[in-house]
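Trainee: Just to be clear, the model below is a prediction. Sequence and coordinates:
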Amino acid sequence: MRIGITGHRELDAELERKVRQLLADSLAAEDAGGLTVVSCIADRPDAWIAELALDRGARLEVVIPAQRYRDGLPEWHHPVYDRLLRDASEQHHTGRVESDEAAHMAGSELLVGQVDRLIAVWDGLPARGFGGTADVVAHARRLGVPVEVLWPAEARR
């Protein structure tokens, strides 16, 4: 089973706790020996599920949307990003240089094309910019990739 991740990054501490639990519950039913998580390993849900997968003994593959992708992530996340990138069994590159919305969508499209199921940490609202979670969910659905939406009841970003 190959599972991809997309999700909102602007989550407060309470929402983080709930989302982490939802992610753990979602992966709990999967056989870790046959599981590969595909992630762009951005801060928050992308990294959380990658860490969960590795902790369970699953494989991690990383999609890198652009050569300068890491530079656009929060500085506090760089050590986590670097560790996860080192622990990944494979890397996939879009070939783009600048880390912009188009590169992020290209990375998400590459990710969706490699998975059996997409987990979306999504509040159900439209994307705030091109390549946002709603756009990735729509792309997956167009391709017929099953989408599991995880969002705590009554939570708001």
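Mentor: Looks like it arrived, so ask away. Numbering: from 1, shown residues only.
Trainee: least trustworthy helix or strand in this structure by mean pLDDT?
Mentor: Every helix and strand of the chain was ranked by mean pLDDT, DSSP states H and E. The lowest is helix 13-28, at a mean of 95.
Trainee: Can you point out the buried residues in it?
Mentor: By neighbour count on 16 or more other C-beta atoms under 10 Å, the buried set for helix 13-28 is 15, 19, 20, 22, 23, 26, 27. Bear in mind the C-beta positions are built from the backbone N, C-alpha and C, glycine included.
Trainee: which among those residues gets closest to residue 58?
Mentor: residue 27 (7.7 Å; C-beta to C-beta).
Trainee: doesn't residue 49 make contact with the closest one?
Mentor: Yes: the pair residue 27 / residue 49 is scored as a contact, 7.1 Å apart, by C-beta atoms under 8 Å.
Trainee: Any figure for the gap between residue 11 and residue 156?
Mentor: Distance of residue 11 to residue 156, computed by C-beta to C-beta, to the nearest Å: 11 Å.
Trainee: Show me which of these two is the more surrounded one.
Mentor: residue 11 (21 against 9; other C-beta atoms under 10 Å).
Trainee: Which residue ranges of the chain form strands?
Mentor: Shown for the chain, the strands assigned by DSSP state E span residues 2-7, 36-39, 59-64, 90-93, 117-121, 147-150.
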